[in-house]
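>>> Mind folding the following:
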Amino acid sequence: MMGWNVYTASRSSWDVYYTGLGDKQTYFTPAPWSFVIWPVIHFLILGGCIYQFSHQGSSIFVDQVGWKLPLLQISNAIYVRSRSNHRYRYAFIWILVTYMVVNQIYRKLSKIPPRGIRDQLFCHLPFSLYHGWVLGLVFLAGFEAFGVDAITTPAHSGTKIVLIQLFEWVYASPMAEGDLCACLVVSWFLFAITVEQSAVRSTFVHWSAHGFTIFSLCWITKCMIGSELRGM
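Below you'll find the predicted structure:
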(Lines give C-alpha, C1' and ligand atoms only; values in the text may rest on other atoms or scores of the structure.)
Protein backbone atom coordinates (compact mmCIF):
# COMPACT_ATOMS: atom_id res chain seq x y z
CA MET A 1 0.00 0.00 0.00
CA MET A 2 2.66 2.48 1.04
CA GLY A 3 4.88 1.24 -1.78
CA TRP A 4 2.59 2.76 -4.39
CA ASN A 5 3.26 6.25 -3.06
CA VAL A 6 6.98 5.61 -2.52
CA TYR A 7 7.29 4.34 -6.09
CA THR A 8 5.28 7.23 -7.50
CA ALA A 9 7.32 9.84 -5.63
CA SER A 10 10.60 8.23 -6.67
CA ARG A 11 9.60 7.95 -10.32
CA SER A 12 8.10 11.44 -10.45
CA SER A 13 9.53 14.84 -9.70
CA TRP A 14 10.09 15.04 -5.94
CA ASP A 15 9.12 18.71 -6.08
CA VAL A 16 5.59 17.80 -7.20
CA TYR A 17 5.09 15.39 -4.32
CA TYR A 18 6.82 17.11 -1.42
CA THR A 19 6.52 20.78 -2.40
CA GLY A 20 3.55 20.75 -4.77
CA LEU A 21 5.49 22.68 -7.39
CA GLY A 22 4.17 22.30 -10.90
CA ASP A 23 4.18 24.12 -14.21
CA LYS A 24 0.81 25.75 -13.58
CA GLN A 25 0.33 28.32 -10.83
CA THR A 26 -3.30 29.01 -9.93
CA TYR A 27 -4.98 31.44 -7.55
CA PHE A 28 -5.63 28.50 -5.23
CA THR A 29 -2.03 27.22 -5.16
CA PRO A 30 -0.57 27.12 -1.63
CA ALA A 31 3.05 27.75 -0.69
CA PRO A 32 5.41 24.83 -1.46
CA TRP A 33 6.27 24.16 2.19
CA SER A 34 2.64 23.27 2.98
CA PHE A 35 3.05 19.92 1.19
CA VAL A 36 5.29 18.67 3.99
CA ILE A 37 2.01 17.40 5.47
CA TRP A 38 2.23 14.40 3.09
CA PRO A 39 5.13 12.65 4.89
CA VAL A 40 3.37 13.25 8.22
CA ILE A 41 0.16 11.62 6.98
CA HIS A 42 1.91 8.65 5.41
CA PHE A 43 4.10 8.12 8.46
CA LEU A 44 1.00 7.91 10.67
CA ILE A 45 -0.72 5.55 8.24
CA LEU A 46 2.40 3.39 8.18
CA GLY A 47 2.15 3.27 11.98
CA GLY A 48 -1.47 2.22 11.56
CA CYS A 49 -0.45 -0.56 9.16
CA ILE A 50 1.84 -1.91 11.89
CA TYR A 51 -0.79 -1.31 14.57
CA GLN A 52 -3.32 -3.44 12.67
CA PHE A 53 -1.40 -6.59 13.64
CA SER A 54 -2.49 -6.06 17.24
CA HIS A 55 -5.90 -7.25 18.37
CA GLN A 56 -7.13 -3.73 19.07
CA GLY A 57 -5.81 -2.36 15.78
CA SER A 58 -7.18 -5.28 13.79
CA SER A 59 -10.72 -4.53 14.94
CA ILE A 60 -10.46 -1.11 13.28
CA PHE A 61 -8.17 -1.51 10.26
CA VAL A 62 -9.25 -4.96 9.16
CA ASP A 63 -12.89 -5.00 10.27
CA GLN A 64 -13.83 -1.35 9.63
CA VAL A 65 -11.42 0.13 7.05
CA GLY A 66 -10.66 -3.06 5.11
CA TRP A 67 -10.18 -2.77 1.34
CA LYS A 68 -10.68 1.00 1.37
CA LEU A 69 -7.13 1.63 2.61
CA PRO A 70 -5.29 0.05 -0.38
CA LEU A 71 -7.82 1.70 -2.71
CA LEU A 72 -7.04 5.04 -1.08
CA GLN A 73 -3.29 4.61 -1.52
CA ILE A 74 -3.62 3.47 -5.14
CA SER A 75 -5.92 6.35 -6.13
CA ASN A 76 -3.63 8.84 -4.39
CA ALA A 77 -0.58 7.43 -6.16
CA ILE A 78 -2.31 7.75 -9.55
CA TYR A 79 -3.28 11.35 -8.68
CA VAL A 80 0.32 12.25 -7.84
CA ARG A 81 1.58 10.52 -10.99
CA SER A 82 -0.96 12.31 -13.19
CA ARG A 83 -0.16 15.68 -11.66
CA SER A 84 3.59 15.16 -12.02
CA ASN A 85 3.00 14.47 -15.74
CA HIS A 86 0.89 17.67 -15.96
CA ARG A 87 -2.26 15.75 -16.88
CA TYR A 88 -4.35 17.95 -14.66
CA ARG A 89 -7.78 16.71 -15.72
CA TYR A 90 -6.85 13.11 -14.95
CA ALA A 91 -5.36 14.31 -11.67
CA PHE A 92 -8.65 16.06 -10.87
CA ILE A 93 -10.62 12.84 -11.44
CA TRP A 94 -8.29 10.78 -9.27
CA ILE A 95 -8.18 13.27 -6.41
CA LEU A 96 -11.99 13.15 -6.42
CA VAL A 97 -11.79 9.37 -6.11
CA THR A 98 -9.25 9.78 -3.31
CA TYR A 99 -11.51 12.23 -1.49
CA MET A 100 -14.55 9.96 -1.76
CA VAL A 101 -12.61 6.99 -0.38
CA VAL A 102 -10.99 8.91 2.48
CA ASN A 103 -14.36 10.49 3.28
CA GLN A 104 -15.90 7.03 3.65
CA ILE A 105 -13.07 5.92 5.94
CA TYR A 106 -13.26 9.14 7.93
CA ARG A 107 -17.01 8.90 8.49
CA LYS A 108 -16.79 5.24 9.46
CA LEU A 109 -14.03 5.90 12.00
CA SER A 110 -15.78 8.98 13.40
CA LYS A 111 -18.53 6.67 14.68
CA ILE A 112 -15.99 4.59 16.63
CA PRO A 113 -14.77 6.23 19.87
CA PRO A 114 -11.01 5.89 20.41
CA ARG A 115 -10.06 3.39 23.14
CA GLY A 116 -6.69 4.90 23.91
CA ILE A 117 -3.79 6.97 22.65
CA ARG A 118 -2.85 4.38 20.01
CA ASP A 119 -6.32 4.50 18.48
CA GLN A 120 -6.18 8.28 18.42
CA LEU A 121 -2.67 8.44 16.97
CA PHE A 122 -2.76 5.68 14.36
CA CYS A 123 -6.47 5.36 13.47
CA HIS A 124 -8.27 8.67 13.94
CA LEU A 125 -5.53 11.29 13.51
CA PRO A 126 -4.11 10.25 10.09
CA PHE A 127 -7.53 10.14 8.44
CA SER A 128 -8.61 13.43 10.00
CA LEU A 129 -5.49 15.05 8.55
CA TYR A 130 -5.95 13.21 5.25
CA HIS A 131 -9.60 14.27 5.03
CA GLY A 132 -8.86 17.96 5.62
CA TRP A 133 -5.82 18.05 3.34
CA VAL A 134 -7.42 16.28 0.39
CA LEU A 135 -10.42 18.62 0.59
CA GLY A 136 -8.06 21.48 -0.25
CA LEU A 137 -6.34 19.44 -2.96
CA VAL A 138 -9.67 18.75 -4.69
CA PHE A 139 -10.19 22.46 -5.30
CA LEU A 140 -6.54 22.98 -6.20
CA ALA A 141 -6.81 20.19 -8.79
CA GLY A 142 -9.98 21.78 -10.15
CA PHE A 143 -8.22 25.11 -10.62
CA GLU A 144 -5.26 23.37 -12.25
CA ALA A 145 -7.53 21.47 -14.62
CA PHE A 146 -9.97 24.23 -15.58
CA GLY A 147 -8.68 27.53 -14.16
CA VAL A 148 -6.40 30.22 -15.48
CA ASP A 149 -2.66 30.56 -14.95
CA ALA A 150 -2.15 33.08 -12.14
CA ILE A 151 1.20 34.21 -13.53
CA THR A 152 -0.10 35.25 -16.94
CA THR A 153 -3.80 36.01 -16.33
CA PRO A 154 -5.19 38.50 -13.79
CA ALA A 155 -7.99 37.43 -11.45
CA HIS A 156 -11.27 38.55 -13.03
CA SER A 157 -14.58 38.96 -11.18
CA GLY A 158 -15.71 35.42 -12.02
CA THR A 159 -12.50 33.96 -10.61
CA LYS A 160 -12.88 36.04 -7.45
CA ILE A 161 -16.46 34.89 -6.88
CA VAL A 162 -15.47 31.23 -7.32
CA LEU A 163 -12.51 31.69 -4.96
CA ILE A 164 -14.67 33.22 -2.22
CA GLN A 165 -17.12 30.32 -2.49
CA LEU A 166 -14.29 27.78 -2.35
CA PHE A 167 -12.61 29.50 0.61
CA GLU A 168 -15.93 29.42 2.43
CA TRP A 169 -16.49 25.75 1.58
CA VAL A 170 -12.99 24.67 2.64
CA TYR A 171 -13.28 26.73 5.82
CA ALA A 172 -16.79 25.58 6.77
CA SER A 173 -16.70 21.85 5.98
CA PRO A 174 -14.40 20.68 8.81
CA MET A 175 -16.17 23.05 11.20
CA ALA A 176 -19.48 21.36 10.42
CA GLU A 177 -17.86 18.02 11.24
CA GLY A 178 -16.44 19.41 14.48
CA ASP A 179 -13.04 17.92 13.65
CA LEU A 180 -10.28 19.96 15.28
CA CYS A 181 -7.41 18.17 13.49
CA ALA A 182 -8.98 18.63 10.06
CA CYS A 183 -9.54 22.31 10.88
CA LEU A 184 -5.86 22.68 11.73
CA VAL A 185 -4.93 21.26 8.32
CA VAL A 186 -7.42 23.57 6.60
CA SER A 187 -5.96 26.55 8.46
CA TRP A 188 -2.51 25.40 7.35
CA PHE A 189 -3.73 25.17 3.73
CA LEU A 190 -5.41 28.60 3.80
CA PHE A 191 -2.38 30.24 5.40
CA ALA A 192 -0.16 28.68 2.72
CA ILE A 193 -2.43 30.20 0.05
CA THR A 194 -2.14 33.57 1.81
CA VAL A 195 1.66 33.37 1.65
CA GLU A 196 1.85 32.11 -1.94
CA GLN A 197 -0.78 34.47 -3.37
CA SER A 198 0.92 37.69 -2.41
CA ALA A 199 -0.79 41.07 -2.52
CA VAL A 200 1.44 41.93 -5.48
CA ARG A 201 -0.17 39.14 -7.54
CA SER A 202 -3.75 39.68 -6.33
CA THR A 203 -4.74 41.84 -3.37
CA PHE A 204 -8.24 40.35 -3.34
CA VAL A 205 -7.09 36.71 -3.24
CA HIS A 206 -4.38 37.42 -0.67
CA TRP A 207 -6.62 39.18 1.85
CA SER A 208 -9.57 36.85 1.28
CA ALA A 209 -7.41 33.82 2.12
CA HIS A 210 -5.92 35.77 5.04
CA GLY A 211 -9.37 36.54 6.42
CA PHE A 212 -10.60 32.95 6.22
CA THR A 213 -7.36 31.78 7.87
CA ILE A 214 -8.06 34.08 10.81
CA PHE A 215 -11.68 32.88 11.04
CA SER A 216 -10.51 29.27 11.04
CA LEU A 217 -7.91 29.90 13.75
CA CYS A 218 -10.51 31.72 15.88
CA TRP A 219 -12.82 28.70 15.65
CA ILE A 220 -9.96 26.37 16.61
CA THR A 221 -9.09 28.56 19.59
CA LYS A 222 -12.71 28.60 20.68
CA CYS A 223 -12.90 24.79 20.48
CA MET A 224 -9.67 24.36 22.44
CA ILE A 225 -10.83 26.74 25.19
CA GLY A 226 -14.21 24.96 25.31
CA SER A 227 -12.51 21.58 25.64
CA GLU A 228 -10.33 22.86 28.49
CA LEU A 229 -13.34 24.31 30.30
CA ARG A 230 -15.29 21.06 29.93
CA GLY A 231 -12.32 19.14 31.32
CA MET A 232 -12.17 21.27 34.47
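>>> Look at the most centrally placed residue in the chain and give its secondary structure.
Taking Cα atoms, centre = their mean, the centroid of the chain lies closest to Trp133, which sits 0.9 Å from it. Secondary structure, DSSP: H, G, I helix; E, B strand; the rest coil: Trp133 is helix.
>>> How about it: what's its closest non-neighbour residue?
Across the structure, with Cβ to Cβ, 6 or more residues apart in numbering as the measure, the residue nearest Trp133 apart from its sequence neighbours is Val185 (5.0 Å). In this view, the C-beta of every residue, glycine as well, is placed from N, C-alpha and C.
>>> buried ones in stretch 191-198?
Neighbour counts over stretch 191-198 (16 or more other Cβ atoms under 10 Å) mark Phe191, Ala192, Ile193, Thr194, Val195, Glu196, Gln197 as buried.
>>> what's next to that stretch, contact-wise?
Where contact means Cβ atoms under 8 Å, 6 or more residues apart in numbering, the residues beyond stretch 191-198 that reach it are 27-34, 150, 205-206, 209-210, 213.
>>> which residues does the residue nearest to the centre of the chain contact?
Trp133 makes contacts with Ile37, Ile41, Val185, Phe189, as judged by Cβ under 8 Å, 6+ apart.
>>> For those residues, pick the one with the most neighbours.
Each of the contacts of Trp133 was scored by neighbours using other Cβ atoms under 10 Å; the highest score is Phe189's, at 27 neighbours.
>>> That residue and Arg118: what is the separation?
The gap separating Phe189 from Arg118 is 27 Å, by Cβ to Cβ, to the nearest Å.
>>> before we move on, what about Ala199?
Counting by Cβ to Cβ, the gap from Ala199 to Arg118 is 45 Å.
>>> List the buried residues in the longest helix anywhere in the chain.
When the chain is parsed with DSSP state H, its longest helix is helix 203-231. Of the residues in helix 203-231, Phe204, Val205, His206, Ser208, Ala209, His210, Phe212, Thr213, Phe215, Ser216, Trp219, Ile220 count as buried by neighbour count, 16+ other Cβ under 10 Å.
>>> What is the nearest of these to Ile164?
Proximity of those to Ile164, judged by Cβ to Cβ, is greatest for Ser208, which lies at 6.1 Å.
>>> Tell me if I'm right that that closest one and Leu166 touch.
No - using Cβ atoms under 8 Å, Ser208 is not in contact with Leu166; the gap is 10.0 Å.
>>> how far does stretch 121-128 sit from the chain's center?
Put simply, stretch 121-128 sits 13 Å off its chain's centre (Cα atoms, centre = their mean, to the nearest Å).
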